[in-house]
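Novice: just need the structure, nothing else, for what follows:
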Amino acid sequence: MSMARLKILSAIFILIAASQSTYAMIKEVPFPNLVHSSDLIVIADVEIIKTVGTMASDINVIANLVKVETPIKGETKTGDKLKIKTYGRIEDFPTFKTGSKLLLFLKKINDHYEVNHGIQGCWPIKNGIITGMGTGKTVEDIKTALNTPLPKPKKTNRKPIRF
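Specialist: Numbering: from 1, shown residues only. Alright, predicted model coming up:
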């Protein structure tokens, strides 16, 4: 095999490998599913952030303490303090900042909460406006979704693939 041919094959391989990485995008959860699958939905102020450990895979475990400003769904009230576990160094996972205001979709895990569906369940609020993946949504949209039952899954004639 000639050197020119080897260079061309190498270039093609690199282009194919690079193009495959563009498909590693977040799969968005439908808004009604995010609302209904959350145990707690709140607007909260981030008070304390503390790294409490590192997993073997070099992922930081972070303990966050937030103060509920506005409960929207679940068993909580204004002024309650919630412990939320987040993870550092993971793409598409939320990171909190002390003093920030967030609209959070949470799942109860033992004695703490975790953000439901990663970054999709953590909407920053800046100057009273919901941003992030919640851009264009309002608290009223959440309440409407809560009062609207999820549609039943469509039946399909497709058979699952078996290996």
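
Novice: residue contacts, the residue most central in space within the chain?
Specialist: With distances taken as CA atoms, centre = their mean, the residue of the chain nearest its centroid is G118 (1.9 Å). Residues near G118 by CB atoms under 8 Å, 6 or more residues apart in numbering: 26, 92-94. In short, each C-beta sits where N, CA and C put it, glycine included.

Novice: could you pick out the buried ones from the residues you listed?
Specialist: 93-94 (16 or more other CB atoms under 10 Å).

Novice: so can I have a markdown table of the contacts of G118 showing distance to L103, secondary structure and pLDDT?
Specialist: Below are the contacts of G118 laid out as a markdown table (distance: CB to CB, whole Å; DSSP: H, G, I helix; E, B strand; the rest coil; pLDDT from 0 to 100):
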| residue | distance to L103 | secondary structure | pLDDT |
| --- | --- | --- | --- |
| I26 | 18 | coil | 71 |
| D92 | 18 | coil | 86 |
| F93 | 17 | coil | 91 |
| P94 | 11 | coil | 94 |
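
Novice: quick check: of the contacts of G118, which lies closest to K152?
Specialist: I26 (25.8 Å; CB to CB).

Novice: skipping its backbone neighbours, what lies nearest that closest one in space?
Specialist: What sits nearest to I26 in space, not counting adjacent residues and going by CB to CB, 6 or more residues apart in numbering, is D92, at 5.0 Å.

Novice: could you check how far the one you found is from I125?
Specialist: Separation of D92 from I125 (CB to CB, to the nearest Å): 20 Å.

Novice: can you check K101 too?
Specialist: The value you get for K101 to I125, if CB to CB is used, is 4 Å.

Novice: now D45: which helix or strand?
Specialist: strand 40-54 (DSSP states H and E).

Novice: returning to that earlier point: joint contacts of K101 and I125?
Specialist: I43.

Novice: now do the strands in the chain.
Specialist: 40-54, 60-73, 81-88, 101-109, 112-115, 122-126, 129-130 (DSSP state E).
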